[in-house]
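>>> Give me a 3D structure for the following:
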Amino acid sequence: MTSSTDLPPQGAGFRGPSRFQQGPIATALQLGPLASLAGTWQSFGPGFNAIWRPDNNQPPANSAIKRFLELNLTDEQIDFRVIPGVVPNRGFGVQPDLNLYGLHYLQRVSDADPAPPPSDPGGYSQTAGQALHIEPGLFMNVPASQAKDQDTIVRMASIPHGVTVLMQGPNPGTTPVPGPPVIPPLVPFDGFPGLQASTTTEGLGIQPISIAAPPPANVYGSEHVVPENQNVLTDTLFPGSQSSGPFPADFQNFVNDPNSVLRNTIAGQDILGTITISLSADGVGNGIENIPFLGIANLAYDAATAAANPATDTPTTPNPSNLANLIPNAFVYSARATFWIEWVRVPLPRPPVFALGSHGPDPALAAIEPFWPEATVLQLQYSQLVILLFNDILWPHVTVATLRLSAG
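Model (predicted):
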């Protein structure tokens, strides 16, 4: 039997008493809409990843193209764990301390494309089964304060490429909106300031756009035409084109509107209600930090141009026309994401649903479970758009996925 004299002294591995904090139920009640995310989520149906990126491996004869098209079906897992207790933020003066509650998470994404057959080892898909992405981060429920007069949800993500992203958006509350989510088409440059009038290809799917001459002529230029966007089946016919294809025919719909993957997955589902969390990073200097290799935004600020165009250029929000010549590599320019938490009714025949014990439905559960005693499963869908600035082009990078809460 171990006595008190056998315990290690302080400074030799002794950790001391636990920190005082609320219990797990009290903590869960402070998470707001994030409470429904706790646990392990696994892919349900296909996810999709799409990116056109500059390609430094092409032969000199094709140097004018400099692009690589990567399209992947994806499989992923997200583990959300509750931060046990309060995270106090210290206020000053008349601002009281601000107590935050949240989750830490780990996201892992891999390629789910079928492997090339032995008869065609160079065929679709070259990336089958490979790891694509890993991301640790935090989701926090932030109450209103003197600095921000509304409750918000904040996501802090660390990307191994050398980028940290702080996305923020309004807290939608804990009451689901009845019915399935409204998932709009994904149009990456919708609402970008200074964008030229659309042409037959601009804005179709996730077509990149080129950066134009500095203001006041144009902030952004015309589309950077990627022929594969128009017809993925002819990908290998373009001289010098490089991609992770050839691609199946249904990828064309995914490219035209990546969010169609999400709508296809929930078609026919009986979704009783949805909570929508919309988050964004407002661009350079407002929520995104890149390592020097990717670019340093404050070095790209053009004071002379800003003086001539004060409405479009400030030290904290330089426009990409002034960034292009000073950012050498794949600089993350903006990011936004929408998460839909969905309660999906279990199809017939449905299992009987009871509260803890054997006395039937519990009114206490009805107060915190929005559709109790209906038999439901929790489903999570998301659509994320990251805009990269590279080679004087704004390149969209899109990921979409549907996941369900795992039983273990």
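>>> so how far is N99 from V86?
5 Å (C-beta to C-beta, to the nearest Å). All C-beta spots, glycine's among them, are computed from the backbone N, C-alpha and C.
>>> intersection of neighbour lists for these two?
Common contact partners of V86 and N99 (C-beta atoms under 8 Å, 6 or more residues apart in numbering): Q30.
>>> and those two? which has more neighbours close in?
V86 (17 against 14; other C-beta atoms under 10 Å).
>>> Look up phi and psi at the more buried one.
Main-chain torsions, V86, degrees, to the nearest 10: phi -80, psi 150.
>>> ok, now which ones touch it?
Contacts of V86 (C-beta under 8 Å, 6+ apart): 21-22, 27, 30, 99-101.
>>> Next one, pLDDT for it please.
pLDDT, V86: 86.
>>> List the contacts of Q384.
335-338, 398-400.
>>> show me where the stretch 151-300 of the chain has helices.
All helices of the stretch 151-300 of the chain, identified by DSSP state H, counting those that start in this stretch, fall at 227-230, 251-256, 260-266.
>>> Which one of those helices lies nearest to V187?
helix 251-256 (10.7 Å; C-beta to C-beta).
>>> which parts of that closest one are buried?
By neighbour count on 16 or more other C-beta atoms under 10 Å, the buried set for helix 251-256 is 251-252, 254-256.
>>> next one: stretch 23-30
27-28, 30.
>>> now stretch 256-271
Per 16+ other C-beta under 10 Å, stretch 256-271 contains these buried residues: 256-263, 265-266, 271.
>>> quick one on the thing from earlier: could you pick out which of the buried residues of stretch 23-30 are located in helices?
Filtering these for membership in helices, criterion DSSP state H, returns 27-28.
>>> can I get the buried residues of stretch 23-30 in CSV with pLDDT and distance to P347?
Listed next are the buried residues of stretch 23-30 as CSV, based on pLDDT from 0 to 100; distance: C-beta to C-beta, whole Å:
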residue, pLDDT, distance to P347
T27, 84, 34
A28, 83, 29
Q30, 88, 34
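>>> which of the buried residues of stretch 23-30 lies closest to W343?
Comparing the buried residues of stretch 23-30 against W343 with C-beta to C-beta places A28 closest, at 17.2 Å.
>>> re the thing from before, ok, which of the helices of the stretch 151-300 of the chain comes nearest W41?
Between W41 and these, the tightest spacing by C-beta to C-beta is seen for helix 260-266, at 14.1 Å.
>>> Against which helices or strands is the closest one packed?
helix 251-256, strand 376-390, strand 393-405 (3 or more C-beta pairs under 8 Å, 6 or more residues apart in numbering; DSSP states H and E).
>>> Would you mind putting the helices of the stretch 151-300 of the chain into TSV with distance to P143 alongside?
Shown next, in TSV, are the helices of the stretch 151-300 of the chain (distance: least, C-beta to C-beta, whole Å):
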stretch	distance to P143
helix 227-230	43
helix 251-256	39
helix 260-266	31
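>>> quick one, which of those helices is nearest to A112?
helix 260-266 (12.2 Å).
>>> quick one: average pLDDT of that closest one?
If you average the pLDDT values across helix 260-266, you get 96.
>>> same check, this time on stretch 154-164
92.
>>> and the end-to-end length of that stretch?
Using C-alpha to C-alpha, to the nearest Å, the span of stretch 154-164 from its first residue to its last is 13 Å.
>>> Quick check: A35 is in a helix.
Yes: under DSSP: H, G, I helix; E, B strand; the rest coil, A35 sits within a helix.
>>> what residues are up against the closest residue in space to it that isn't next to it in sequence?
Counting by C-beta to C-beta, 6 or more residues apart in numbering, A28 is the residue found nearest to A35 once chain neighbours are left out, at 5.1 Å. The contact partners of A28, taken as C-beta under 8 Å, 6+ apart, are 35, 38, 82.
>>> and if you look at P96?
P96 neighbours (C-beta under 8 Å, 6+ apart): none.
>>> SS state for it?
Assignment for P96 (three-state DSSP): coil.
>>> show me the residues around the nearest residue to P178 once chain neighbours are set aside that make contact.
What sits nearest to P178 in space, not counting adjacent residues and going by C-beta to C-beta, 6+ apart, is G273, at 5.3 Å. Residues in contact with G273, defined by C-beta under 8 Å, 6+ apart, are 176-179, 342-343, 370-371.
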